[in-house]
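**Student:** Kindly generate the corresponding structure for this input.
(2 chains, ligands or ions: 2)
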Amino acid sequence: MPKFKPHIRVKNLNLFYEGHHALKDITVDIPEKEITAIIGPSGCGKTTLLKSLNRLIDLVDGIEISGEVIVDGEDIYSTKVDVTYIRKKIGMLGQKPYPLPMSIYDNVAYGPRIHGMRKKKELDGIVEHYLEVAGLWDEVKDRLKSPASMLSAGQQQRLCLARSLAVEPEIILGDEPTSALDPISSKRIEEVFIALKKDYTIVIVTHILRQAVRLADYVIFLYMGDVIEQGPAKEIFENPKEERTKAYIGGEIS
Amino acid sequence: MDRRKIEEDFFKGLMILSTAIIVGILFAIVAVVVLKGAPALSLSMLTQTPKGGYYLGKGGGILNAIIGSLYLAFGATALSLIIALPVAFYLREYASERFANFVRLSLDILWGVPSIVYGAFGFIIMLYFGLRACLLGGIIALTLLILPIMTRAMDEVMRMVAFELREASYGLGSTKLEVVSKVISRQTLPGMLTAVLLAFGRGIGDAASILFTAGYTDYIPHSLFDPVASLPLAVFFQLGTPFPEVQERAYASAVVLLVIILLTSVSSRLLTKRWSRFVIK
Ligand SMILES: Nc1ncnc2c1ncn2[C@@H]1O[C@H](COP(=O)(O)OP(=O)(O)OP(=O)(O)O)[C@@H](O)[C@H]1O
Ligand SMILES: [Mg+2]
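**Tutor:** Ligands and ions are numbered 1, 2, ... in the order given. Below is the predicted model of the structure:
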């Protein structure tokens, strides 16, 4: 039994891509209001696992999935659940920044608007607030109406973060959210994540071990679709129990 | 000389030749039409309907055909848009890949059907409803012709949308409708416009589908149930007379048609550019 309060409990999750067994009987707990890092070599199923946590995996054709992902006591794969509600509650930040084809303002206001917010004044407040949280406000406050595509990659990624936060999720998933960014932009995103963890449960996938060391409170090590080891970051990094974890952290497998 | 260099030069030469043929054909057509039509081009031709004896070489113009063609083409484009858009949306986000591919195949077959067949089909339907050749009939027959073109073009444009962009929209809790109507449609706006204008261009130039369904008249229609003239048929009828001065008018009418198509193309380029401002690359 875990010592912490889990926000997400994954139980016996199996996933097949047209016959390829990508996730093998995954059972993990993800602590509330902490940063969990999913690490492991390329192709081990990190992205797949992450997308299974807010059902973005549903967009992929020909998958077969079984098991449970329980968030706040409710299985998100249950047929009773409204998938848009799940994705509102569990936001996602992708590997490459993909702003929506609209203005900077509209990007952030998009989520609140589809979820029913109409009042201009409140929207203005939300947009400013979350751009502030994502550390972008000062850079864009004078050009909120210009296309999001005109921002730099680092700014776009912060915009995407503000856009995700604006729908007021409880959980934020990030799939190598800094991999397309320069070191300075990466650092800013990392800082924002650390600041966010007092209010949000955060799960990130990362290839960069040092990033995991810097950010993670809890670590899940995946290898070829299996969870090899999971536990508090300190334990995994300083004192891994499994041979394969040792090998990965030691840089022998990548 | 090195064999690869010769190969490179030879095939490059072939490509340039082919390109020159294409561009040359275009210029030849425009040159012939403009040269033969120029003597008959006049303001009165653009602003008057045919007077008595027009087809014998007397006075008047082809305003009836210009207005008629615009009515027909705009009508059919609008009607097609109303149908094509939901189909494209449906194929993009709702239909299973299998069913979508079946619909695509059907549309591709429809695309290849000769326009006279749409004309004949439209004509039979009109007979059934007891309609005579009229604007409405022409619009419907033209719609049948351009609908597959517009739908398939929109579908291709929408298929190009990056998976990640759709993922980002769904990730915010969007419904399928919100994804297609608020995100994908904005991302593809320039391409959708091109699809619409492609269909418009095809529609305004077609003669066979409206031959029986729209009829022909020297007057400008006042209702959907009046017969209507059109530029392609004006070209056809005027060329068919034995009088050289009337045949010149056929070429002049073709010039008018070319100019309309050219304007459509140019405005589409300009609008596309403007509407691309928000598109994510
Ligand atoms: N759409 C798909 N169809 C078929 N197989 C897929 C698909 N997506 C992923 N896979 C396979 O599933 C396995 C896990 O992929 P996944 O993308 O989750 O790996 P990853 O750990 O995120 O890798 P990386 O670090 O390279 O991003 C891989 O073997 C991959 O080839
Ligand atoms: Mg991945």
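
**Student:** alpha carbons only for contacts and neighbour counts from here, please
**Tutor:** OK.

**Student:** For chain A, which residue gets nearest to chain B?
**Tutor:** Among the residues of chain A, residue A:84 lies nearest to chain B; the distance is 4.2 Å by CA to the nearest CA.

**Student:** and residue B:112, how many neighbours does it have?
**Tutor:** 11 (other CA atoms under 10 Å in any protein chain shown).

**Student:** right, I mislabeled it, should have said residue B:91
**Tutor:** Residue B:91 is flanked by 21 other residues according to other CA under 10 Å.

**Student:** And the closest residue to it other than its chain neighbours, how far from ligand 1?
**Tutor:** Of all residues not flanking residue B:91 in the chain, residue B:100 sits nearest, at 5.4 Å (CA to CA, 6 or more residues apart in numbering or on different chains). For residue B:100, the distance to ligand 1 equals 19 Å [CA to the nearest ligand atom, to the nearest Å].

**Student:** Repeat that for residue B:38.
**Tutor:** Here the criterion is CA to the nearest ligand atom. By it, residue B:38 lies 60 Å from ligand 1.

**Student:** What of residue B:208?
**Tutor:** Going from residue B:208 to ligand 1 by CA to the nearest ligand atom gives 47 Å.

**Student:** And residue A:81, by the same measure?
**Tutor:** For residue A:81 relative to ligand 1 (CA to the nearest ligand atom), the value is 24 Å.

**Student:** same deal with residue A:145?
**Tutor:** According to CA to the nearest ligand atom, residue A:145 and ligand 1 sit 34 Å apart.

**Student:** Hmm, that residue is touching residue A:108, no?
**Tutor:** No: using CA atoms under 8 Å, residue A:145 makes no contact with residue A:108, being 11.5 Å away.

**Student:** more neighbours, the two?
**Tutor:** residue A:108 (29 against 13).

**Student:** in the stretch 101-250 of chain B, which spans are helices?
**Tutor:** Along the stretch 101-250 of chain B, counting by DSSP state H, counting those that start in this stretch, helices occupy B:115-128, B:135-159, B:163-171, B:176-178, B:185-187, B:189-205, B:208-211, B:231-239, B:244-275.

**Student:** export these to JSON lines and tack on distance to chain A and mean pLDDT?
**Tutor:** Putting the helices of the stretch 101-250 of chain B into JSON lines (distance: least, CA to the nearest CA, whole Å; pLDDT from 0 to 100) gives the following:
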{"stretch": "helix B:115-128", "distance to chain A": "37", "mean pLDDT": "93"}
{"stretch": "helix B:135-159", "distance to chain A": "14", "mean pLDDT": "96"}
{"stretch": "helix B:163-171", "distance to chain A": "6", "mean pLDDT": "95"}
{"stretch": "helix B:176-178", "distance to chain A": "8", "mean pLDDT": "96"}
{"stretch": "helix B:185-187", "distance to chain A": "5", "mean pLDDT": "94"}
{"stretch": "helix B:189-205", "distance to chain A": "10", "mean pLDDT": "94"}
{"stretch": "helix B:208-211", "distance to chain A": "39", "mean pLDDT": "94"}
{"stretch": "helix B:231-239", "distance to chain A": "40", "mean pLDDT": "93"}
{"stretch": "helix B:244-275", "distance to chain A": "11", "mean pLDDT": "91"}
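
**Student:** how about the helices in the stretch 1-150 of chain A?
**Tutor:** A:46-52, A:83-89, A:104-114, A:120-133, A:137-140.

**Student:** what's the closest of the ones you listed to residue B:175?
**Tutor:** Closest to residue B:175 of those is helix A:83-89 (CA to CA; 6.4 Å).

**Student:** can I get the helices of the stretch 1-150 of chain A in TSV with distance to residue B:74 and mean pLDDT?
**Tutor:** Output for the helices of the stretch 1-150 of chain A, formatted as TSV (distance: least, CA to CA, whole Å; pLDDT from 0 to 100):
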stretch	distance to residue B:74	mean pLDDT
helix A:46-52	46	96
helix A:83-89	39	95
helix A:104-114	33	96
helix A:120-133	37	95
helix A:137-140	42	94
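
**Student:** Out of the ones you listed, which gets nearest to residue B:61?
**Tutor:** Among the helices of the stretch 1-150 of chain A, the nearest to residue B:61 by CA to CA is helix A:104-114 (51.4 Å).

**Student:** And residue B:144, how close does it get to residue A:174?
**Tutor:** As judged by CA to CA, to the nearest Å, residue B:144 and residue A:174 stand 48 Å apart.

**Student:** ok and the residue in the stretch 151-281 of chain B nearest ligand 1?
**Tutor:** At 10.9 Å from ligand 1, residue B:163 is the closest residue in the stretch 151-281 of chain B, using CA to the nearest ligand atom.

**Student:** Let me know how buried that residue is, in neighbour terms.
**Tutor:** 11.

**Student:** again, but for residue B:281
**Tutor:** Neighbour count of residue B:281, defined by other CA under 10 Å: 11.

**Student:** Contact partners for the closest residue in space to it that isn't next to it in sequence?
**Tutor:** In this structure, residue B:281 finds its nearest non-sequential neighbour in residue A:149, 7.6 Å apart by CA to CA, 6+ apart. Residues in contact with residue A:149 (CA atoms under 8 Å, 6 or more residues apart in numbering or on different chains) are A:99, A:101, A:156, B:278-281.

**Student:** Wait, residue B:276 touches residue B:193, no?
**Tutor:** No: proximity of residue B:276 to residue B:193 does not meet the contact threshold set by CA under 8 Å, at 10.9 Å.

**Student:** Pull the number of nearby residues for residue A:225.
**Tutor:** Residue A:225: 22 neighbours (other CA under 10 Å).

**Student:** Name all residues that make contact with it.
**Tutor:** When contacts are counted by CA under 8 Å, 6+ apart, residue A:225 touches A:21-24, A:44-45.

**Student:** go on, residue A:185?
**Tutor:** Counted by CA under 8 Å, 6+ apart, residue A:185 has contacts A:154-155, A:178.

**Student:** Restricted to strands, list the contacts of residue A:225.
**Tutor:** Those of these mapping onto strands are A:21-24, per DSSP state E.

**Student:** Could you identify which of these has the most neighbours?
**Tutor:** Among these, the one with the most neighbours (other CA under 10 Å) is residue A:23, at 25 neighbours.

**Student:** Okay, it and ligand 1: tell me how far apart.
**Tutor:** In terms of CA to the nearest ligand atom, residue A:23 sits 8 Å off from ligand 1.

**Student:** next one: residue B:56
**Tutor:** According to CA to the nearest ligand atom, residue B:56 stands 69 Å off from ligand 1.

**Student:** I figured that residue was touching residue B:249, is that so?
**Tutor:** No: contact criterion CA under 8 Å: residue B:56 and residue B:249 do not qualify, at 11.4 Å.

**Student:** Compare these two and say which one has the larger neighbour count.
**Tutor:** Set residue B:56 next to residue B:249 and count neighbours by other CA under 10 Å: residue B:249 wins out with 27 against 14.

**Student:** Which elements pack onto the lengthiest helix in chain B?
**Tutor:** Ranked by residue count and defined by DSSP state H, the top helix of chain B is helix B:3-37. For helix B:3-37, the packing partners by 3 or more CA pairs under 8 Å, 6 or more residues apart in numbering or on different chains; DSSP states H and E come out as helix B:244-275.
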